[in-house]
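Enquirer: Let me see the structure of the following:
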Amino acid sequence: ATGKNVFDAIRLRPSNALQTSLFVSTLGRQFLISTILISLKDAGERDRLRGTTFVQLNWLLFTWTFLTGLGEGVYAFVSKSALPKLPMLPVSLVFLITSICFDLEKKGQLVWNVDKGRWTKNDTGRTT
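Expert: Residues are numbered from 1 along each chain as shown. Model (predicted):
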């Protein structure tokens with residue numbers, strides 16, 4: 001019996017070219033998502049998350065995690081898994097809520113209340 005390890009997935013043989021492609025694609029996506037998360041973390045530490053680029057990165061991460069969660073759900077349904085595993089859907093909610101709040105702040109409907117540590121409705125009528 002041959003041992004299963006990472007290098008078995010990388011070997012290019014006609015029988016597992018699809019597996020190799022999926023493995024390399026997965027690594028690429030993980031690298032991209034990790035880079036985006038590090039950028040958002042750095043921006044958060046510098047209190048710069050309200051910039052357009054960072055709001056768009058939040059929307060991108062929401063879209064990716066939501067579609068991944070849907071894919072997991074479809075796979076669980078098709079494979080008739082007893083316990084569907086959908087860990088990405090709750091994760092996507094974090095990015096969705098953050099993106100919506102930042103968008104509403106840009107439109108002047110919400111403001112971040114530093115004293116209360118939460119979003120509040122903008123009663124002043126001013127936009128940021």
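Enquirer: Would it be right to say that Val111 lies in a strand?
Expert: Yes - counting by DSSP: H, G, I helix; E, B strand; the rest coil, Val111 is found in a strand.
Enquirer: neighbours of it, just the number please.
Expert: For Val111, the neighbour count with other C-beta atoms under 10 Å is 17. All C-beta spots, glycine's among them, are computed from the backbone N, C-alpha and C.
Enquirer: correct me, but it touches Glu105?
Expert: Yes - taking contacts as C-beta atoms under 8 Å, Val111 lies within contact range of Glu105: 6.5 Å.
Enquirer: ranges for the strands of the chain?
Expert: Using DSSP state E, the strands of the chain run over residues 110-113, 118-121.
Enquirer: Tell me the strands beside the first one, with direction?
Expert: Pointing back at strand 110-113 there. strand 118-121 (antiparallel) (DSSP bridges).
Enquirer: Show the average pLDDT along the strand it pairs with.
Expert: Averaged over strand 118-121, pLDDT sits at 76.
Enquirer: Show me which residues of that strand are buried.
Expert: For strand 118-121, burial by neighbour count (16 or more other C-beta atoms under 10 Å) applies to Trp119.
Enquirer: who touches it?
Expert: Identification of contacts with strand 118-121 by C-beta atoms under 8 Å, 6 or more residues apart in numbering yields 101, 104-105, 109-113.
Enquirer: Tell me which of the strands of the chain approaches Arg46 most closely.
Expert: Nearest of these to Arg46, taken as C-beta to C-beta: strand 110-113 at 15.2 Å.
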